[in-house]
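Trainee: what's the 3D shape of this:
(one chain, ligands or ions: 1)
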Amino acid sequence: MSATTRSRTPDRLCAEAVDLARAAAEEAAAPGVVGEHTGLVSEGDRVVTHFFECKELGYRGWRWAATVARASRAKVVTLDEVVLLPGPDALLAPEWVPWSERLRPGDLGPGDLLPTDQDDLRLEPGYTPEEEPPANSLVSEELRELAEAEDADVTAGAPAAQPTVPTRGSIASVAEELGMRRARVLSRYGLHIAADRWEDAYGPKTPMAQAAPATCQTCGFLTPIGGSLGQAFGVCANEFSPADGRVVSLAYGCGAHSEAAVMPKPPQPAAPVVDETRVDPFPLRPVRDSGSVPDMGDEETAELGHS
Ligand code: SF4
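Mentor: Sure thing, here's the model as predicted:
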């Protein structure tokens, strides 16, 4: 018996109750899956756990553990419990990860709902709880007074009470573009991680951009986007580009750049020149004596036509 013991010396009678422990393990396990006795450990005064090898497939390194005990001054050892426990080198399932941490981009299918936490770091309130815009906001009190003085169209009331489509060019429309009319908008953190993702996928460090003749910034297929991200990104609208319909960094580029290789126009042939002031003589019969100019008599000359 290879004895695995703690500093406490195991009780002698409990340590000797291997048969009792084995019988209990065999009763709990399927027949033939309880193997050799691999050790014991003292759990406390007159409490000992015996370990048996588990021969069940799929449970490599696991052990049947049968705990036995006896009362003080009693000679009879009784069974406490039997469990299957992983050993130090047991094959274990990976640690469980909550679904919210397992989720990957592209996992969301049609009809799926993905809730966002109230304190999602990627989002922040679209307006203050008092429905008062920040002092430096475009819809601040100072700017509102200024707009009123200029007879501008300023929409009063809480964002929720405002019309769905504000007048173009009004402060409300600017506020809507800034996200002031939504419950939550992207936080700085949300903006940064989005920019990092887009930069990784369609940024200047990608092999495509490194080999591109020019950047998207100068490409006619680039469609600008609004908001602060528009300073660094746009949308590619070239169906032949690998980034068609994607948000691309202005420093990205590809071989389909609008100005990279403009097709030359086909050469235009010169207009034909028709000289109507000259008569070109053509012989009606083959020339017999090569090298000599045929004698053009009156008869033949009469049959000549104009070119
Ligand atoms: S065609 Fe190429 S260079 Fe032009 S915007 Fe799209 S990705 Fe950028």
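
Trainee: CA only for contacts and neighbour counts going forward, please
Mentor: OK.

Trainee: need the strands for the stretch 201-307 of the chain, in chain order.
Mentor: 222-224, 233-236, 247-249 (DSSP state E, counting those that start in this stretch).

Trainee: which of those has the highest mean neighbour count?
Mentor: The highest average neighbour count among these, using mean count of other C-alpha atoms under 10 Å, belongs to strand 247-249 at a mean of 26.

Trainee: mean confidence for the helix or strand hosting Gly35?
Mentor: Take DSSP states H and E as the rule and Gly35 turns out to sit in strand 34-44. The average pLDDT for strand 34-44 rounds to 94.

Trainee: circling back: include distance to the ligand and mean pLDDT when you put the strands of the stretch 201-307 of the chain into TSV, please.
Mentor: Output for the strands of the stretch 201-307 of the chain, formatted as TSV (distance: least, C-alpha to the nearest ligand atom, whole Å; pLDDT from 0 to 100):
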stretch	distance to the ligand	mean pLDDT
strand 222-224	4	96
strand 233-236	4	97
strand 247-249	7	97
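
Trainee: and Leu13, which of the ones you listed is closest to it?
Mentor: The closest of those to Leu13 is strand 247-249. By C-alpha to C-alpha, the value is 75.0 Å.

Trainee: low-confidence bits of the protein, can you list those?
Mentor: Scanning the chain for pLDDT under 70 picks out 1-7, 127-181, 263, 288-307.

Trainee: domain ranges for it, per the record?
Mentor: With domains defined by automatic domain parsing, the chain comprises 12-86, 123-186, 188-249.

Trainee: what about the shortest one, start to end distance?
Mentor: Taking C-alpha to C-alpha, to the nearest Å, the span from the opening residue of domain 188-249 to its closing residue is 18 Å.

Trainee: related to what we said a few turns ago, by contact count, what packs against the strand holding Gly35?
Mentor: Packing partners of strand 34-44 (3 or more C-alpha pairs under 8 Å, 6 or more residues apart in numbering; DSSP states H and E): helix 18-28, strand 47-54.

Trainee: deepest-packed of the ones you listed, please.
Mentor: Ranked by mean neighbour count, the helices and strands packed on strand 34-44 are led by strand 47-54 with a mean of 26 (mean count of other C-alpha under 10 Å).

Trainee: ok, back up a step: output the helices and strands packed on strand 34-44 in CSV; the columns should cover distance to Leu113.
Mentor: Compiled in CSV, the helices and strands packed on strand 34-44 are given as follows (distance: least, C-alpha to C-alpha, whole Å):
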stretch, distance to Leu113
helix 18-28, 44
strand 47-54, 44
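
Trainee: which one of the ones you listed lies closest to Pro281?
Mentor: Nearest to Pro281, of the helices and strands packed on strand 34-44 and by C-alpha to C-alpha, is strand 47-54 at 115.2 Å.

Trainee: toward the C-terminus, what is the element adjacent to the closest one?
Mentor: strand 62-69.

Trainee: neighbouring contacts of that following strand?
Mentor: 14, 17, 21-22, 24-25, 34, 46-54, 77-87, 90-91 (C-alpha atoms under 8 Å, 6 or more residues apart in numbering).

Trainee: what strands line up against that strand, and which way round?
Mentor: strand 47-54 (antiparallel), strand 78-86 (antiparallel) (DSSP bridges).

Trainee: what number of residues lie near Asp117?
Mentor: 9 (other C-alpha atoms under 10 Å).

Trainee: number the chain from 3, please
Mentor: New numbering, starting at 3: the last item is Asp119.

Trainee: closest to Cys256 out of the helices and strands packed on strand 36-46?
Mentor: Nearest to Cys256, of the helices and strands packed on strand 36-46 and by C-alpha to C-alpha, is strand 49-56 at 60.4 Å.

Trainee: hmm, Lys77 is touching Cys16, no?
Mentor: No - between Lys77 and Cys16 there is no contact under C-alpha atoms under 8 Å: 9.4 Å.

Trainee: give me the more crowded residue out of these two.
Mentor: Neighbours per residue (other C-alpha under 10 Å) separate Lys77 from Cys16, with Cys16 holding more: 26 against 10.

Trainee: that one touches Gly46, doesn't it?
Mentor: No - under the criterion of C-alpha under 8 Å, Cys16 is not in contact with Gly46, lying 11.1 Å apart.

Trainee: which residues does Gly89 contact?
Mentor: Gly89 makes contacts with Gly63, Trp64, Arg65, as judged by C-alpha under 8 Å, 6+ apart.
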